[in-house]
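Asks: A predicted structure for the sequence below; I have some questions about it.
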Amino acid sequence: MWLLILLAFDPAATQATLTGGGDRRAALAAYEDLRPGEIEAARAAGHAEVVARIVVDPAAPLAERIWAVRALGRLGGPPALTALAPLVAVADAPEASALAREAARALAHLDVTLLAGALGSTDPEVREIAAQSGAGAERLCALLADPWPSVRVAAARGLQAHPTHAGCLAGALADLDRRVQAAAARSATSVKLPALRAPLRSLAGGTQAPLDARAEAFMALAALGDFEPAERALAAHLAGGGSEPLAEAAIRALTLRGTPEDRAHLRAALDSASPAVRAAAGRALTELQDTDATPRIRARTEDTPGLRGLRPVEDRDPADSDPE
């Protein structure tokens with residue numbers, strides 16, 4: 001039955017299956033693979049109303065209700081929102097939690113405003129889905145203190161959509177979980193909030209902080225026009241073989257500005273003892289179209305596999321250039 005639905009979607013036949021006691025689970029699962037035109041045909045035939053009735057039917061098998069929730073995530077429209085919104089607020093039993101999680105995922109695609117209430121769910125996965133969607137800006141800051149690290153990570157990510165509320169990321173930048181710190185720094189890169197400069201500096205210079213979080217802090221500071229931590233990290237690496245990941249992050253940050261001084265630092269990085277750092281520098285200089293670096297990039301291709309295949313600016317065919 002499922003195969004037939006996928007091979008030739010028939011809105012009338014599918015609706016008959018959903019209402020007439022056929023293999024409803026297969027029919028519902030098939031919505032996930034329908035093409036956009038077929039979804040439009042299903043909407044026009046009133047499938048959302050039929051599927052919504054399955055979602056809200058407490059007597060329906062849990063598997064069918066879950067597949068129906070997923071189907072509504074594709075069908076959308078008022079019937080879907082009406083059926084899904086109440087589900088995310090209830091997670092007081094295993095079956096309710098399962099439905100709440102599926103409904104939250106569907107609403108994250110359909111209408112995130114309906115997920116604001118889910119930020120207070122007793123189910124951490126529902127809170128995580130709602131927080132990452134960016135719903136309920138005022139409550140996201142509170143979730144940065146959630147006992148579940150995955151929820152705190154999601155809240156930090158969700159704050160990207162709310163720069164005016166993102167000052168609370170300062171605390172997340174000092175979270176005990178490295179994933180939360182890194183997520184907060186990535187969001188800080190997006191919101192570009194000057195108030196976060198000091199905690200970002202603390203993170204970037206924290207020798208005990210996770211390297212990935214420190215690297216993200218370099219990028220966030222660069223977005224604020226502060227390149228000194230990146231400059232120091234690259235200089236420390238070149239002077240004594242400091243951290244490769246931090247040197248690579250510093251190269252990415254300096255590439256954003258690309259001043260003559262930055263280019264000089266990047267050319268110096270072509271002499272790093274680390275092949276990964278040399279490759280990162282070569283890619284950055286190629287992106288910046290630095291003609292002075294071309295001979296040095298060529299000279300390092302033998303001992304730096306990551307530089308092979310790069311086409312420094314003077315090697316490019318003029319026909320490849322964008323027209324004036």
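Replies: Here it is on my side, so go on. Numbers count the residues shown, from 1 in each chain.
Asks: contacts, neighbours, all on C-alpha from now
Replies: Will do.
Asks: what stretches of the protein score poorly on pLDDT?
Replies: Counting by pLDDT under 70, the chain has low-confidence residues at 1-8, 315-324.
Asks: can you tell me how far Ala235 sits from Ala215?
Replies: Separation of Ala235 from Ala215 (CA to CA, to the nearest Å): 15 Å.
Asks: Between those two, point out the one with more neighbours.
Replies: Ala215 (25 against 18; other CA atoms under 10 Å).
Asks: Please identify the buried residues of the helix or strand hosting the more buried one?
Replies: Element membership for Ala215, per DSSP states H and E: helix 211-223. Of the residues in helix 211-223, those buried by neighbour count under the rule 16 or more other CA atoms under 10 Å are 211-223.
Asks: Could I get the residues you listed in a markdown table, plus columns for distance to Val56?
Replies: Shown next, in a markdown table, are the buried residues of helix 211-223 (distance: CA to CA, whole Å):
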| residue | distance to Val56 |
| --- | --- |
| Leu211 | 48 |
| Asp212 | 44 |
| Ala213 | 44 |
| Arg214 | 47 |
| Ala215 | 47 |
| Glu216 | 44 |
| Ala217 | 46 |
| Phe218 | 49 |
| Met219 | 47 |
| Ala220 | 45 |
| Leu221 | 49 |
| Ala222 | 50 |
| Ala223 | 47 |
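Asks: so which of those residues comes closest to Val277?
Replies: Relative to Val277, the closest of the buried residues of helix 211-223 is Ala215; by CA to CA it sits at 13.8 Å.
Asks: which residues touch the helix holding Ala215?
Replies: Identification of contacts with helix 211-223 by CA atoms under 8 Å, 6 or more residues apart in numbering yields 178-179, 181-183, 185-186, 188-190, 192, 197, 200-201, 203-206, 227, 229-230, 245-246, 249-250, 252-254, 256.
Asks: just stretch 59-68 next, same as before
Replies: 24-25, 28-29, 51-52, 54-57, 95, 98-99, 102.
Asks: Please tabulate the residues you listed in CSV, including the columns distance to Ala118 and neighbour count.
Replies: What follows is those, written out as CSV (distance: CA to CA, whole Å; neighbours: other CA atoms under 10 Å):
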residue, distance to Ala118, neighbour count
Arg24, 29, 24
Arg25, 27, 18
Leu28, 25, 25
Ala29, 25, 19
Val51, 23, 27
Ala52, 20, 21
Ile54, 22, 23
Val55, 18, 28
Val56, 18, 17
Asp57, 21, 11
Glu95, 16, 13
Ala98, 14, 20
Leu99, 13, 25
Glu102, 12, 23
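Asks: Just those residues: which are in helices?
Replies: Under the assignment DSSP state H, these contribute 24-25, 28-29, 51-52, 54-55, 95, 98-99, 102 to helices.
Asks: Dump the residues you listed into CSV; add distance to Val112 as well.
Replies: Conversion of those to CSV gives the following (distance: CA to CA, whole Å):
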residue, distance to Val112
Arg24, 28
Arg25, 27
Leu28, 23
Ala29, 24
Val51, 21
Ala52, 19
Ile54, 23
Val55, 19
Glu95, 23
Ala98, 19
Leu99, 17
Glu102, 14
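Asks: Quick check: phi and psi at Asp292.
Replies: phi -70, psi -20 (degrees, to the nearest 10).
Asks: how close does it get to Glu314?
Replies: For Asp292 relative to Glu314 (CA to CA), the value is 10 Å.
Asks: Kindly report the same for Ala108.
Replies: When distance is defined by CA to CA, Ala108 is 47 Å away from Glu314.
Asks: How about Ala68?
Replies: For Ala68, the distance to Glu314 (CA to CA) stands at 58 Å.
Asks: So those two - more neighbours on which side?
Replies: Higher neighbour count among Ala68 and Glu314: Ala68, with 28 against 14, using other CA under 10 Å.
Asks: Where does that one sit: helix, strand or coil?
Replies: Classification of Ala68 using DSSP: H, G, I helix; E, B strand; the rest coil returns helix.
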